[in-house]
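Enquirer: model the structure of this input:
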Amino acid sequence: MKVLIVDDSKAIYMMVSQMLKEIGHDALWAEDGVDACNKLASEKVDLILLDWNMPNMSGPEFLEENGAENITDAPIVMMTTENKPDFIKKALQLGAVEYIMKPFTSDILQDKLELVFE
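Expert: Okay, here's the model as predicted:
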């Protein structure tokens, strides 16, 4: 499975891509929502892990753009430190299918992937 990690932190990308590799998946990196839109124009991905707070285009802005422009039909999982119920509700209303709290372990990530693809 090919997973697009959209996060402005290269350290987060490196950590999550390693977790994905260990469970047999490939990862691509986009630094923000704008970069993700550009990558998705030429790359087919099976899943998107999307940060909330990023420059240029935030996670919620990317979700809104995807809702309006149908950039991808890949399931989108928010991957963020934002844990207030209002944030979770907003992400799900905008089209995210799941929500994962940073920091997380490889086991938690694998459980979320199984939930999304059941």
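
Enquirer: quick check on the residue nearest the centre of the chain: phi, psi?
Expert: Centroid-nearest residue in the chain, with CA atoms, centre = their mean: residue 49, separated by 1.5 Å. Dihedral pair for residue 49: phi -100, psi 120, per degrees, to the nearest 10.

Enquirer: and residue 29, by the same measure?
Expert: According to degrees, to the nearest 10, residue 29 has phi -120, psi 130.

Enquirer: name the nearest residue to it, sequence neighbours excluded.
Expert: residue 13 (4.6 Å; CB to CB, 6 or more residues apart in numbering). Every residue, glycine included, has its C-beta placed from N, CA and C.

Enquirer: need the residues that contact the helix or strand harbouring the one you found.
Expert: Using DSSP states H and E, residue 13 maps to helix 10-22. Outside helix 10-22, the residues within contact range by CB atoms under 8 Å, 6 or more residues apart in numbering are 3, 5, 7, 26, 27, 29, 49, 51, 79, 102, 106, 109.

Enquirer: can you say which of these are buried?
Expert: Neighbour counting over the contacts of helix 10-22 (16 or more other CB atoms under 10 Å) leaves 3, 5, 7, 27, 29, 49, 51, 79, 102, 109 as the buried ones.

Enquirer: the fifth one against residue 3, yeah?
Expert: Read that as residue 29. No. In this structure, residue 29 is not within contact of residue 3 by CB atoms under 8 Å, at 10.0 Å.

Enquirer: could you pull out the strands for the protein?
Expert: 2-6, 26-30, 47-50, 76-80, 98-101 (DSSP state E).

Enquirer: dump these into CSV; add mean pLDDT and distance to residue 114 as well.
Expert: CSV is the format used below for the strands of the chain (pLDDT from 0 to 100; distance: least, CB to CB, whole Å):
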stretch, mean pLDDT, distance to residue 114
strand 2-6, 98, 14
strand 26-30, 97, 17
strand 47-50, 98, 12
strand 76-80, 95, 12
strand 98-101, 94, 11
